[in-house]
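quick one: sequence plus predicted model below, questions after.
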Protein chains: 2
Amino acid sequence: MSLGEFELIKQYFQQQSGAPGVALGIGDDCALLTVPLGQQLAVSMDTSIADVHFPADGEPDLIAERALRVNISDLAAMGAEPLWFTLGLTLPDADPQWLQAFSQGLFRVAREYGIALVGGDTTRGKLSITIQVHGAVAEGKALLRSRASEGDQIFVTGPVGDGAAALAVMKQQLSAASMMTDYLMERYYRPQPQVVAGQLLTNFCAAAIDISDGLVADLGHICEQSGVGADLHLERIPLSEAVRQLVSFEQGIDWALSGGDDYQLCFTVPKAQVQQLETLVSTGKIVAHHIGEITAGNGVSCWHNSNPVVPSGKGFQHFGGQEALS
Amino acid sequence: MSLGEFELIKQYFQQQSGAPGVALGIGDDCALLTVPLGQQLAVSMDTSIADVHFPADGEPDLIAERALRVNISDLAAMGAEPLWFTLGLTLPDADPQWLQAFSQGLFRVAREYGIALVGGDTTRGKLSITIQVHGAVAEGKALLRSRASEGDQIFVTGPVGDGAAALAVMKQQLSAASMMTDYLMERYYRPQPQVVAGQLLTNFCAAAIDISDGLVADLGHICEQSGVGADLHLERIPLSEAVRQLVSFEQGIDWALSGGDDYQLCFTVPKAQVQQLETLVSTGKIVAHHIGEITAGNGVSCWHNSNPVVPSGKGFQHFGGQEALS
């Protein structure tokens, strides 16, 4: 049987890995995987569609990097260790150069996070990328959105708002010096899933979420699922040097609150454990910015220098997201 | 926060299941799953695209049924027990009637096979459905494509060629009495993944594959991965009553060999275990038609009443498959 286009595409993704727990990889009806003893399997699936979630004419290796990184971020938000992923790739055609670059970007991230490609499907159509990630977390140790309690302190692992700033540059609503553009594009296409932070946080039994839709929407999910409220102190929210130089504080904060695509973790720590977190921070094991506290109320309340303020946005909703890049 | 279109869509798929092994279902960054002790996890992902893999204007409940059944068939081909699935659904719009019917069809199959929806993603775009199924199979017991040996006998679990016949009816290349059309549409949209047969077969350590691309292509995969050949006796291949009445023997066999979309299992059994299989057949626990034997050669050789013949087709290749329905 001669190799069809379909078989050729597969070759770009066939890496003999011998990765941990992979009893059988690509090439049979299913992959066979062994979950480590005493661990739960954490799975998450995300679809990225050209010109909705990323520009169709973007660099293929960066498109791949972003798609996989964004998915790994969901494992980070559960405190899970990345193990395996599957790829559902829909392509308008089988362009060898594009496929070469795409697969290189994909495997670059896979190596960085120790996650192995174990299966998937390739079909013809408008470019879209569905990835499912699989990770392991000790039973009962996963970080849940539903575990926040009144009095918990709220933290983020790094600057927020960069995702929205990058989009503004791409949409040419904002011009920036090339150094800043480079930084923002890097943050957009190569977000850094907070895997190590997530795993360290499992020792505090905190609530956590990754910031994909903006602080208000994502912290809002924690509030909703925990049955609590949150006070957010806007002056404490970390903005990157690039955002601070490019736009006003108000604009930067608006991006942080409702922009999304940042992939930092937002998490809560019970008061009694904050000291433990501070030790990790002071020894450089984790970055954490203290931005607020969980209350007995409901929803996210914003404060600026102790005055109540109402944020203008409500967070980026992917299913209305076609406007995001057009 | 008001519910967006995105949230509304999610509601159609939010079923409180309390399904086995689901520590945490839809609603957090990941689902948390517990694989039964001593079992391996079998996973498979498939994408179905409107007008490539199914007609876009098909009944939404049947589109859903077919998409999930086809995926479960991959678990059957490994001898795995279906446990969980994830759904990546891309939709042109959020039509409540369509979503209602689609989710009903989906959960009908989910209940029938005891498989629980645990996560996924919804995006806007041309209709496409990516499903990943997760099953469990005892360590070392999975049915692999690579386990066929010279002398093994080759079987199929039921009639093949119906998938191609159904496509011919849909493409209006063939007119048929309504009873036959009903039968073929049923076979196309509601294929019966051979889950029970697959699990029973794990006791014979046989090679197996599900027939999605036609007998020649799929048995060819077993040959290739096992480093063997196969003799196929065309007069023994089971054709349905509908196919036999509608078309010539030659056309029926051509569909069986190269049509695909049948989702029967093709499997091999070592001679010493054939008696065991026959006992299962005679007690009605499994259906098996004896269609050939594994040889020391390579590739699939076809015979008709002991004369060598060359099949005209090479099996349906999904990645060129846009012609399949147009």
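Yes, it's here. Numbers count the residues shown, from 1 in each chain, chains lettered A, B, ... in the order given.

ok, A:V228 to A:I26 distance?
A:V228 sits 44 Å away from A:I26, going by C-beta to C-beta, to the nearest Å. For glycine as for every other residue, the C-beta is placed from the backbone atoms N, C-alpha and C.

the two: which is more packed in?
A:V228 (22 against 19; other C-beta atoms under 10 Å in any protein chain shown).

if I pick the more buried one, what's in contact with it?
Contact partners of A:V228, counting by C-beta atoms under 8 Å, 6 or more residues apart in numbering or on different chains, are A:A148, A:S149, A:E150, A:D152, A:I222, A:I294, A:T295, A:A296, A:G297, A:N298.

and whichever strand or helix holds A:P308, what other elements does it pack with?
Using DSSP states H and E, A:P308 sits within strand A:307-309. Using 3 or more C-beta pairs under 8 Å, 6 or more residues apart in numbering or on different chains; DSSP states H and E, the elements in contact with strand A:307-309 are strand A:299-304.

what about the helices in the stretch 151-300 of chain A?
A:162-170, A:178-189, A:195-201, A:215-226, A:241-246, A:249-258, A:274-282 (DSSP state H, counting those that start in this stretch).

cool, and the stretch 1-150 of chain A?
A:5-13, A:60-76, A:96-113.

A:G18: how many residues sit nearby?
Around A:G18 there are 8 residues (other C-beta under 10 Å).

please read the previous query as pertaining to A:R108.
A:R108 has 14 nearby residues by other C-beta under 10 Å.

just say which of the helices of the stretch 1-150 of chain A is most tucked in.
Of all the helices of the stretch 1-150 of chain A, helix A:60-76 has the most neighbours on average by mean count of other C-beta atoms under 10 Å in any protein chain shown, namely a mean of 25.

what angle separates it from helix A:96-113?
30 degrees (axes from the mean of the first three to the mean of the last three C-alpha atoms, to 10 degrees).

is stretch A:87-104 positioned near chain B?
Yes - on the criterion C-beta under 8 Å from any C-beta of the partner chain, stretch A:87-104 is in touch with chain B at A:L87, A:G88, A:T90, A:A94.

distance of the residue of the stretch 51-200 of chain A found nearest chain B relative to A:A50?
For the stretch 51-200 of chain A and chain B, the shortest gap (C-beta to the nearest C-beta) falls at A:A77, measuring 3.9 Å. Distance of A:A77 to A:A50, computed by C-beta to C-beta: 25 Å.

please apply the same query to A:T279.
45 Å.

between those two, who's got more neighbours?
Set side by side, A:T279 and A:A50 show more neighbours around A:A50, with 19 against 11, by other C-beta under 10 Å.

kindly report the residues of the stretch 151-300 of chain A close to chain B.
A:A208, A:I209, A:D210, A:A217, A:G220, A:Q225, A:G299.

ok, and the closest non-adjacent residue to A:G21?
Nearest residue to A:G21, sequence neighbours excluded (C-beta to C-beta, 6 or more residues apart in numbering or on different chains): A:T34, at 4.6 Å.

now do the contacts for the one you found.
A:G21, A:V22, A:A23, B:Q40, B:L41, B:E139.

most neighbours among the residues of the stretch 151-300 of chain A next to chain B, which one?
That'd be A:A208 among those, by other C-beta under 10 Å, with 31 neighbours.

pLDDT at A:R66, what is it?
If you check A:R66, the pLDDT there is 95.

ditto for A:K285
Per the predicted model, pLDDT is 95 at A:K285.

contacting residues around the nearest residue to it once chain neighbours are set aside?
The shortest distance from A:K285 to any non-neighbouring residue, by C-beta to C-beta, 6+ apart, is to A:L200 (6.4 Å). Contact partners of A:L200, counting by C-beta under 8 Å, 6+ apart, are A:L280, A:K285, A:I286.

do that again at 10 Å, thanks
By C-beta atoms under 10 Å, 6 or more residues apart in numbering or on different chains, A:L200 lies in contact with A:G79, A:Q194, A:Q276, A:L277, A:L280, A:K285, A:I286.

which of those are buried? Put it as a ChimeraX command.
Of the contacts of A:L200, the buried ones go into a single ChimeraX selection, burial set by 16 or more other C-beta atoms under 10 Å in any protein chain shown:
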select /A:79,194,277,280,286
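
among the contacts of A:L200, which pair sits farthest apart?
A:Q194 and A:Q276 (17.5 Å; C-beta to C-beta).

from A:D210, how far out is the closest residue to A:G297 other than its chain neighbours?
Of all residues not flanking A:G297 in the chain, A:G229 sits nearest, at 3.0 Å (C-beta to C-beta, 6+ apart). Distance of A:G229 to A:D210, given as C-beta to C-beta: 21 Å.

go on, A:V35?
22 Å.

A:Q276 now?
Taking C-beta to C-beta, one finds A:Q276 at 22 Å from A:D210.

same check, this time on A:A177
Relative to A:D210, and taking C-beta to C-beta, A:A177 is found at 29 Å.

now A:Q251
23 Å.

per-residue confidence for the closest residue to A:A101 other than its chain neighbours?
Taking C-beta to C-beta, 6+ apart, and ignoring the residues beside it in sequence, A:A101 has A:P60 as its nearest neighbour in space, at 4.1 Å. Model confidence at A:P60, given as pLDDT, is 96.

surely A:P60 is in contact with A:P96?
No - with contact defined as C-beta atoms under 10 Å, A:P60 and A:P96 do not form a contacting pair (11.2 Å).

mind listing what's buried in stretch A:125-140?
Quick answer for stretch A:125-140 (16+ other C-beta under 10 Å): A:125-137.

quick one: buried residues of stretch A:270-290?
A:P270, A:Q273, A:V274, A:L277, A:L280, A:I286, A:V287, A:A288, A:H289, A:H290.

now, the most widely separated pair of those residues?
Most distant of these, by C-beta to C-beta, are A:P270 and A:V287, 19.7 Å apart.

can you name the residues that contact the closest residue to A:Q276 other than its chain neighbours?
Closest residue to A:Q276 in three dimensions, ignoring its sequence neighbours and counting by C-beta to C-beta, 6+ apart: A:F204, at 6.4 Å. By C-beta under 10 Å, 6+ apart, the residues touching A:F204 are A:79, A:143, A:147, A:152, A:267-270, A:272-274, A:276-277, A:280.
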